[in-house]
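In: need a structure here:
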Amino acid sequence: MYKKKEYYQIIEEINKKIEECIEDITNPKNPFTLEDVVKEGKNARNDLSQFNQFKESFGIYVFLDKKKPVYIGKGGTGRRENSTHYLKDRIGQELRADGTLAKNITKIDDDVSKDDAIKRIKSFNLLILQKTEKIHGNEVKKEIKQMEALETFLIAIFNPAYNL
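Out: Take a look at the predicted model:
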């Protein structure tokens, strides 16, 4: 059980992260462009090499369309043993036609096919927030809980078009 002082410390940490994330989203400094990453065609394989630095990390990612957040997600929550759900893997999933982002685009925009959704994703920029290297022990649970709370908060603040 936490003491009152510890609760305030946790809230202060989360508030700091929220401020940093809002600043990063509203003034993105170095978002990834997806033009050369996303490949079109039935058997095309996306080039995820520029995301290798995130292969054992977790964090929040934001897809931007003209600097406006259109989809916010998280990766690396390690919910599975020997998880393939690190940040790089989740981003890779979102860039596929069967990923959540493409599915949500086709659900929301009725006249958009999966191929059109991929073309749209290809035009987005990608911003990585709260990247944390692989950590162990009790710190993992704390970081994951904060990341999940932060993702929920950012979705509530920015109301991205493709987060259902």
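
In: doesn't Val62 belong to a strand?
Out: Yes: under DSSP: H, G, I helix; E, B strand; the rest coil, Val62 falls within a strand.

In: that one: neighbour count?
Out: If you count neighbours by other Cβ atoms under 10 Å, Val62 ends up with 25. All C-beta atoms are positioned from the backbone trio N, CA, C, and that covers glycine.

In: likewise for the one 3 residues further on?
Out: Asp65 has 16 neighbouring residues, counting by other Cβ under 10 Å.

In: that one: what's it in contact with?
Out: By Cβ atoms under 8 Å, 6 or more residues apart in numbering, the contact set of Asp65 is 123-125.

In: mind doing that once more with 7 Å?
Out: By Cβ atoms under 7 Å, 6 or more residues apart in numbering, the residues touching Asp65 are Phe124.

In: quickly list what it is bridged to.
Out: Per DSSP bridges, the residues bridged to Asp65 are Lys68.

In: show residues contacting stretch 89-98.
Out: With Cβ under 7 Å, 6+ apart as the test, stretch 89-98 has contacts from 37-38, 46, 48, 51, 61, 73, 75, 99-102, 114, 117-118, 121, 126.

In: now these: which count as buried?
Out: Applying 16 or more other Cβ atoms under 10 Å to the contacts of stretch 89-98, the neighbour count classes 37-38, 46, 48, 51, 61, 73, 75, 99-102, 117-118, 121, 126 as buried.

In: apart from its neighbours in sequence, what residue is nearest Thr26?
Out: Spatial nearest neighbour of Thr26, excluding adjacent residues (Cβ to Cβ, 6 or more residues apart in numbering): Lys67 at 8.0 Å.

In: same thing with Leu164?
Out: Closest residue to Leu164 apart from its sequence neighbours, by Cβ to Cβ, 6+ apart: Asn104 at 5.4 Å.

In: that neighbour: helix or strand, and which one exactly?
Out: With elements delineated by DSSP states H and E, Asn104 resides in helix 100-108, which encompasses its position.

In: any stretches of the chain with poor pLDDT?
Out: 1-2, 77-84, 130-131, 133-137 (pLDDT under 70).

In: quick one: the strands in it?
Out: In the chain, the segments counted as strands under DSSP state E are 32-33, 57-65, 68-75, 125-133.

In: what's the third one packed up against?
Out: Read it as strand 68-75. Counting contacts by 3 or more Cβ pairs under 7 Å, 6 or more residues apart in numbering; DSSP states H and E, strand 68-75 is packed against strand 57-65, helix 87-94, helix 138-158.
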